[in-house]
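Chemist: model the following, please.
(chains A and B)
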Amino acid sequence: MRILLAVGCDQYDYKPLSQLHGAESDAAAIFDHLVTKGWGEYDKARSRLLRSPSLAEIQNEVSAILFNDGRVVEFTFFFAGHGGVKDGAYFLCAKDSDVSKLSMTSLSMTQLFAWLNEAKVAQTNIIIDACQSGGVVHDISTLLNPNVIGKVGSLALSILAASGSDEYAGEIDGGGICTSALLSCLRGDIIVQTTRPTLDLVEVGKVVSETLGHGNQTPVYWGINLYGRARLAKNPKFAQGAPHIAEAWASFTPNEAANDHIRANADKIWGLYISLARGFDADRFFEVLEPLCDHFANEIAIASSFVEGLANTFGPRIRQNGDLYDEAQLYAACVASLMKLIESGNVADQVSQDLIRRTVRCVNEANEALLSQLRQDKYALLAPRSGFSDLYFLPLRVLSVFGWIGAAAQAATLLGQPTLLSRTAAADLVELILAEYSQSVVAVSDEQAPFYVAFVAGCDTLDCAEAAELTSGYLFSTLCDSRGQLAASRLTGDQALAFLDAKISGNYADIDDTLARPTSLLPALILHYHKMGMPDLVDRAIRTFDHVHMNIFTPFTYRSFCDPVVDGINYSYQVGHSIWRTADLVGEWRNIRSKIDDDPALKIASLRVGALLVSLLRPDREAWFNFN
Amino acid sequence: MTPFLFDARTRDFDKAMARQLQIEFKKISNRMMPERNTQRFSHGRRWSTKPDNGGDEAGEMQVHSFELSTRFEDIVSHNLAVLPDFRQRIAESMFSQLMGSLYETVNRSTSKSGNVVDAKAHESLAHAFLAALRQIEFGVDEDGNVSMPEFHLGSEAYESMTASLEAQGPEFREEVERVKAEKIAKALERETERLSKFPHDEEG
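Modeler: Residues are numbered from 1 along each chain as shown, chains lettered A, B, ... in the order given. The predicted structure is shown next:
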């Protein structure tokens, strides 16, 4: 059941809380749009509009909504009026609120969260268009204190809060500026998005915030929603049919046991969310997600809903950091988390496909943004606060960009939507990087292997054969220079420095354990040279790699490809012992390839893409299956 | 925004490099000052002490800072040579600043005590050397061995000094040896006197 409680308070009994003029009409306008006109599909009988109520009236109404007549699944609370912070708690002022005893006479958010928790509301939207008055400290951010919000057991909460500096913020035409912008979004006067039939509060909040700019009343929007996608209202601008709120949502709601399990892991999920401010860390993400998804192994709908919710919650947070490849990695990691549950056409497959599309879109946006940056500043690929570390990490960064471009191209093609990725932007970016950073296309670490494999496989789709040839050439020649000595995958920073020192001196004796032995980059290069019809180039130089160990790893099933340690077979060879020329490796590869193709998991497009994306998130394994 | 920053690993890399430089600095400072004469303070920037003959009563830490730049182009072109080059340049800068600071301290201390020899006031550099030797007090290390003074000269001054010393006759050398023997004896005498200030066994 969906219920709206809209409260607008113009009348105040005690000074210094002043009389307002637009709060009641704002609450009425929201109620009219979402309930009376049906745009929110809220229950008309149980939804309520309160005009200048006392605290007791608000409490009674909340109690009646949350605790009488069955469970409320989705609850939206709108408040317009005075609000404020005292002793770190945020309070909403009712008609009879007295600032001198705020905690006794007004509704604290902490109290509201406690009620929502007890009523086990699955999804809550809170909209506050309040102002400060009477000398109460102005700090809406207190509302967003994780210690307060973390007490909400449902872990499905979205907030839009605006606070003016003094008056009932910048009233225009008898209404608050924030609510006016909100209503413009809900009515479709301002377009939020056109691709989904419903609007959620976080995406609306983002548009409202952008609309209001950085004036006195910049709204704060925030949401954590681990159960599918929150629905505030129908989307009047939905382009693919009639806007609607799907019935399927209720079945996505976790049962009590699942809810308890997610709640028990709330601290870890919160920790993960907070850590996003420092960028996306795939290892940390998997560390938290793997046990949770394993727990829901037999509850595919719940696991899928949970992962989708996580993507919806974490995505906007990562986007604030400004690195769109990071956001792509988040969605990719969400797909990876569902790999064991995907069957053709099931809910995990559907959710994964949606997440893959988001991954590709983010890579596309990231490509365009990076292309633009590089055109303005040719050094835009250098780390801003680092100098010498880029001698090691810049070659990895270049290959990472190439790898994600290649993976996105393959993913879009495998989903049958090749236009999701702009080939022009991708090709232009690769070309520009190869022009400006050719000397950083250097074989440094075996960590580059999965990105190289993804890139050259994607180049088929992107029609970038020349770029693949150039990249292969640069990597191969530098690998020859170092006689096949590469750093192992995922060295720590101090190991990376030790490796560079060894490379400079040519003495690798003291850093034996940080070398890639065997290497997967060398066989990838050899096989690609064969594909390009240039095996003779390799054969002329292959003696340089005498005694170098090579490896091609394939898992028993690509469903398990995201495991920290994957079970499978290492096809291991040594130059000068089992391999003397390109043809020797190609012969071995044909046998391996036929075994890879036997894995039924790779017949499912989303799983195949998932495995490809995993190879970039955990770059100690390669997606050989797309390597022809 | 730069993508794929490898942020944590980059920080580790930079820290590891800072550690390398610390080790390098220690090697350099140990060349000038024995480790046992090096002190490390956890707090404060100033110190006050009760000096023995002619030492400073108070002091303040001096900040040594270096700014070396590396061209973006060197990083983009994966020029690994910049890494050892940077370390060498920073080591040279550290050495140069440390020596500057050391001479400044010695100069301040000698100016205060008047223990200065003007080379031009002597008939030759060799005689100025002898005058300096007469004014220096030798030290005694923790093992009771007398430590000889060090003379720090620029390359030109070194050559002139060597030539002047070699041009002296045996009398001069004998006089140098006599002053040295006298200084050694005095140093040992002062050491005995210093040690005698500790409580005797029977007092203990």
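Chemist: what's the one helix or strand A:Q574 maps to packed up against?
Modeler: A:Q574 belongs to strand A:568-574 when assigned by DSSP states H and E. On a contact count with 3 or more C-beta pairs under 8 Å, 6 or more residues apart in numbering or on different chains; DSSP states H and E, strand A:568-574 meets strand A:549-555, helix A:582-597. Glycine gets a C-beta too; all of them are placed from N, C-alpha and C.
Chemist: what pLDDT does the residue nearest the centre of chain B get?
Modeler: For chain B, the residue nearest the mean C-alpha position is B:M32 (4.0 Å; C-alpha atoms, centre = their mean). B:M32 carries a pLDDT value of 76.
Chemist: longest helix of the chain?
Modeler: You didn't say which chain, so I picked chain A. helix A:347-376 (DSSP state H).
Chemist: wrong one, I was asking about chain B
Modeler: The longest helix of chain B (DSSP H) is helix B:82-113.
Chemist: how far off centre is it?
Modeler: Centroid separation for helix B:82-113 versus its chain: 9 Å, with C-alpha atoms, centre = their mean, to the nearest Å.
Chemist: could you do stretch A:298-317 as well?
Modeler: Its chain's C-alpha centre and that of stretch A:298-317 lie 10 Å apart, by C-alpha atoms, centre = their mean.
Chemist: could I get the buried residue list for that stretch?
Modeler: Across stretch A:298-317, burial judged by 16 or more other C-beta atoms under 10 Å in any protein chain shown covers A:299-317.
Chemist: with only the CA atoms kept, save the strand holding A:Q574 in PDB.
Modeler: The C-alpha atoms that make up strand A:568-574 are tabulated as PDB, following Å, rounded to 0.1, in the frame of the first residue of the first chain:
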ATOM      1  CA  GLY A 568      39.700 -23.900 -13.500                       C
ATOM      2  CA  ILE A 569      42.700 -24.900 -15.600                       C
ATOM      3  CA  ASN A 570      45.900 -23.000 -16.100                       C
ATOM      4  CA  TYR A 571      47.200 -23.800 -19.500                       C
ATOM      5  CA  SER A 572      50.900 -23.100 -18.900                       C
ATOM      6  CA  TYR A 573      53.700 -22.900 -21.500                       C
ATOM      7  CA  GLN A 574      57.300 -21.900 -21.600                       C
END
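Chemist: let me see the ranges of the strands in chain B.
Modeler: Counting by DSSP state E, chain B has strands at residues B:46-48, B:58-60, B:139-140, B:146-147.
Chemist: highest average neighbour count across these?
Modeler: Of these, the one with the most neighbours on average (mean count of other C-beta atoms under 10 Å in any protein chain shown) is strand B:139-140, at a mean of 15.
Chemist: so what's A:L66 up against?
Modeler: Residues near A:L66 by C-beta atoms under 8 Å, 6 or more residues apart in numbering or on different chains: A:72, A:75, A:115-116, A:118-119, A:121.
Chemist: and the closest residue to it other than its chain neighbours, what's its pLDDT?
Modeler: The shortest distance from A:L66 to any residue other than its chain neighbours is 3.9 Å, reached at A:A119 (C-beta to C-beta, 6 or more residues apart in numbering or on different chains). You'll see A:A119 listed with a pLDDT of 81.
Chemist: so which elements touch the helix or strand harbouring A:E210?
Modeler: Using DSSP H and E, A:E210 sits in helix A:201-212. Judged by 3+ C-beta pairs under 8 Å, 6+ apart, helix A:201-212 is in contact with strand A:156-164, helix A:177-187, strand A:220-225, helix A:300-321.
Chemist: outside of it itself, list whatever touches it.
Modeler: Under C-beta under 8 Å, 6+ apart, the answer for helix A:201-212 is A:125, A:127, A:158-160, A:162, A:177-178, A:181-182, A:184-186, A:190, A:192-193, A:218-223, A:225, A:230, A:232, A:312-313, A:316.
Chemist: returning to that earlier point: now the helix or strand just after the longest helix of chain A: mean pLDDT?
Modeler: Next helix or strand after helix A:347-376 toward the C-terminus (DSSP H and E): helix A:390-414. Taken as a whole, helix A:390-414 carries a mean pLDDT of 97.
Chemist: now helix A:390-414 against helix A:347-376, angle please.
Modeler: 130 degrees (axes from the mean of the first three to the mean of the last three C-alpha atoms, to 10 degrees).
Chemist: show me what counts as buried in the helix or strand just after helix A:390-414.
Modeler: Using DSSP H and E, the helix or strand that directly follows helix A:390-414 along the chain is helix A:423-436. Neighbour-count burial for helix A:423-436 flags A:423, A:425-430, A:432-434, A:436 (criterion: 16+ other C-beta under 10 Å).
Chemist: do stretch A:530-549 as well
Modeler: Residues of stretch A:530-549 classed as buried by neighbour count (16+ other C-beta under 10 Å): A:530-531, A:534-535, A:537-538, A:542, A:545, A:548-549.
Chemist: narrow the residues you listed to those in helices?
Modeler: A:530-531, A:535, A:537-538.
Chemist: separation between the residue in chain B positioned nearest to chain A and B:H127?
Modeler: In chain B, no residue comes nearer to chain A than B:D12, which is 2.5 Å away by C-beta to the nearest C-beta. Using C-beta to C-beta, to the nearest Å, B:D12 is found at 59 Å from B:H127.
Chemist: can you give me the end-to-end span of stretch A:86-96?
Modeler: Length of stretch A:86-96, first residue to last, C-alpha to C-alpha, to the nearest Å: 17 Å.
Chemist: from the chain's centroid, how far away is it?
Modeler: 34 Å.
Chemist: just to revisit the earlier point, for PyMOL, write a command that selects the buried ones of the contacts of helix A:201-212.
Modeler: Only the buried entries of those go into this PyMOL selection, using 16+ other C-beta under 10 Å:
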select buried, chain A and resi 125+127+158+159+160+162+177+178+181+182+184+185+186+190+192+219+220+221+222+223+225+230+232+312+313+316
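Chemist: element containing A:I504, please.
Modeler: Using DSSP H and E, A:I504 sits within helix A:493-505.
Chemist: would you mind listing the buried residues in that helix?
Modeler: The neighbour-count check on helix A:493-505 (16+ other C-beta under 10 Å) flags A:493-503 as buried.
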